[in-house]
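>>> missing the sequence, but the structure's below:
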């Protein structure tokens, strides 16, 4: 049980039915299609839908109470004793309820944002914390103004550590999430180019990411990318731990080594760690979890075990075997210029393959800088990359850039996925490594799935 309807009356003071009774609420639900016994249904209103229209479906699927927009009529089928809490805005009520429940459970809250690496860092942090604490964390992409409150409202009442990923596309969004969550610890993984279309410059992106401090508790801890110049100005305003490769950082990565399935890195304190991901950027993501773990008194042995056995969110640099033994790197969940360059760099470093093939697609939300930033990706593609295949209107700039400067690389652009796949099949063999990378909307996982069919 999360709470009772009686507790809800202390938050939402206008209600009808048997709201003052101790009716147990076991989950909070915004999707009427889900079977959710003993749930509180909160109908959300969107541009093209109104959750209030589906109260009967929610009722049939187990809702025992609802929050309701007072401007809307109640359907006649609802029993008169069914608890209904009247509010001016159901979305705001969801967020208000999340904050109240967070205060009721009172866990240590870790908020994570950044242009790249949020989800991977969340996976690392959660794995480390689970070694010593009852930990709840963001599932899937529940990192926005609806998903984050639902994540808070799905934690058990005995949760000690709450790890919340915070996504955004414009100013003010992280501010809202931070004020809902009130993090004790905030992590900024990096400042990239994602959402330039809305934020204008990297300086704008940095400003938007720093909104995570708006809800940070007074004695809160801020863990940041210490290599990022746009965060250098942070000094005495917060308790800060800086992580990265530069010598001025508090946690310093001195060296790293990439092999076929993992990255091993050593810190300046001579401690070494291994993660089941490829790339120096993932080593830095892991240092945020290391710094947090040490701050919370978790032993080096437990941190090492947590990082080496972390369960990673899907489509994030997964290496799988496809048809005829071809090696596939599935990094198709999302993309930015920074993360795409980092992925290409990793492919260059991996040994043991005769052919290294890049399959790259469009990066979204880059605004007026889209062409320049896509071109910058082409500038880093060089041998030992052997082939580049691009798909998408913006990605054509990548292939045209490479064609001008790297004549030894097979370079082709495709107007359809079927044509791309037909061409790609000629490279499907055991000594080939293929990277798939694009923004989520390009749905490159369909190409990966095709190559994985036996």
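Perfect, thanks for sending it. Note that the structure is a prediction, hence the values are computed from the model and not measured. Numbers count the residues shown, from 1 in each chain.

>>> so what touches stretch 348-360?
In this structure, residues lying in contact with stretch 348-360 by C-beta atoms under 8 Å, 6 or more residues apart in numbering are 258-260, 278, 327, 340, 344, 347, 377, 381-382, 384-391, 395, 398, 420, 424, 427, 429, 431-438, 444, 447. (C-beta placed from N, C-alpha, C; glycine too.)

>>> in PyMOL, select just the buried ones from these.
Remark: buried members of those, expressed as a PyMOL selection using 16 or more other C-beta atoms under 10 Å:
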select buried, resi 258+278+327+340+344+347+377+381+385+386+387+388+389+390+391+395+398+420+424+427+432+433+434+435+436+437+438+444+447
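
>>> among the contacts of stretch 348-360, name the ones in strands.
Among these, DSSP state E puts 258, 327, 387-391, 432-437 in strands.

>>> ok, which pair from the residues you listed is furthest apart?
Farthest-apart pair in the ones in strands among the contacts of stretch 348-360 is 258 and 391; separation 27.0 Å (C-beta to C-beta).

>>> for the residue most central in space within the chain, which non-adjacent residue is closest in space?
Nearest to the geometric centre of the chain sits residue 119, at 3.4 Å (C-alpha atoms, centre = their mean). Using C-beta to C-beta, 6 or more residues apart in numbering and skipping the chain neighbours, the partner closest in space to residue 119 is residue 313 (4.9 Å).

>>> equivalent analysis for residue 12, please.
Nearest non-adjacent residue to residue 12, counting by C-beta to C-beta, 6+ apart: residue 85, 3.9 Å away.

>>> OK, contacts around that neighbour?
Applying C-beta under 8 Å, 6+ apart, the residues near residue 85 are 8, 9, 12, 14, 15, 19, 65, 66, 67, 68, 93.

>>> one more time with 7 Å
Residue 85 makes contact with 8, 12, 15, 19, 67, 68, according to C-beta atoms under 7 Å, 6 or more residues apart in numbering.

>>> give me phi/psi at it?
Phi and psi for residue 85, reported as degrees, to the nearest 10, are phi -110, psi 120.

>>> do you know how far it is from residue 122?
Using C-beta to C-beta, to the nearest Å, we find residue 85 at a distance of 32 Å from residue 122.

>>> swap in residue 54?
With distances taken as C-beta to C-beta, residue 54 is found 31 Å from residue 122.

>>> just residue 342 next, same as before
The value you get for residue 342 to residue 122, if C-beta to C-beta is used, is 18 Å.

>>> out of those two, which sits in the busier spot?
Legend: neighbour count by other C-beta atoms under 10 Å for residue 342 and residue 122, higher for residue 122 (26 against 22).

>>> for the more buried one, pull up the helix or strand it's in.
Counting by DSSP states H and E, the element that carries residue 122 is helix 118-129.

>>> continuing past that helix, what's the next helix or strand?
Per DSSP H and E, the helix or strand that comes after helix 118-129 is strand 135-137.

>>> each with direction, which strands does that following strand pair with?
As defined by DSSP bridges, the strand partners of strand 135-137 come to strand 161-165 (parallel).

>>> quick revisit: and the angle for the helix holding residue 122 with strand 161-165?
Helix 118-129 runs at 170 degrees relative to strand 161-165, counting by axes from the mean of the first three to the mean of the last three C-alpha atoms, to 10 degrees.

>>> from the middle of its chain, how far away would helix 118-129 be?
Distance, stretch centre to chain centre, for helix 118-129: 10 Å (C-alpha atoms, centre = their mean, to the nearest Å).

>>> who does it touch, helix- and strand-wise?
Under the contact criterion of 3 or more C-beta pairs under 7 Å, 6 or more residues apart in numbering; DSSP states H and E, helix 118-129 touches strand 108-113, strand 135-137, strand 161-165, helix 280-295, helix 300-308.

>>> could I get the ones you listed as CSV with mean pLDDT and mean neighbour count?
Converted to CSV, the helices and strands packed on helix 118-129 look like this (pLDDT from 0 to 100; neighbours: other C-beta atoms under 10 Å):
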stretch, mean pLDDT, mean neighbour count
strand 108-113, 98, 26
strand 135-137, 98, 22
strand 161-165, 98, 27
helix 280-295, 97, 25
helix 300-308, 97, 17
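
>>> mind putting these into JSON lines with distance to residue 3?
Shown next, in JSON lines, are the helices and strands packed on helix 118-129 (distance: least, C-beta to C-beta, whole Å):
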{"stretch": "strand 108-113", "distance to residue 3": "18"}
{"stretch": "strand 135-137", "distance to residue 3": "16"}
{"stretch": "strand 161-165", "distance to residue 3": "16"}
{"stretch": "helix 280-295", "distance to residue 3": "29"}
{"stretch": "helix 300-308", "distance to residue 3": "31"}
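
>>> can you give me the helices in the stretch 1-150 of the chain?
Here the stretch 1-150 of the chain has its helices, by DSSP state H, counting those that start in this stretch, at 5-8, 55-60, 90-105, 118-129, 147-152.

>>> can you say which of these is nearest to residue 411?
Among the helices of the stretch 1-150 of the chain, helix 118-129 comes nearest to residue 411, with 29.6 Å by C-beta to C-beta.

>>> how about the residue located most distally from the centre of the chain, nearest residue that isn't a chain neighbour?
The centre of the chain is farthest from one residue, residue 80, which by C-alpha atoms, centre = their mean lies 42.4 Å away. Spatially, and ignoring its direct neighbours in sequence, residue 80 is nearest to residue 17 (6.7 Å; C-beta to C-beta, 6+ apart).
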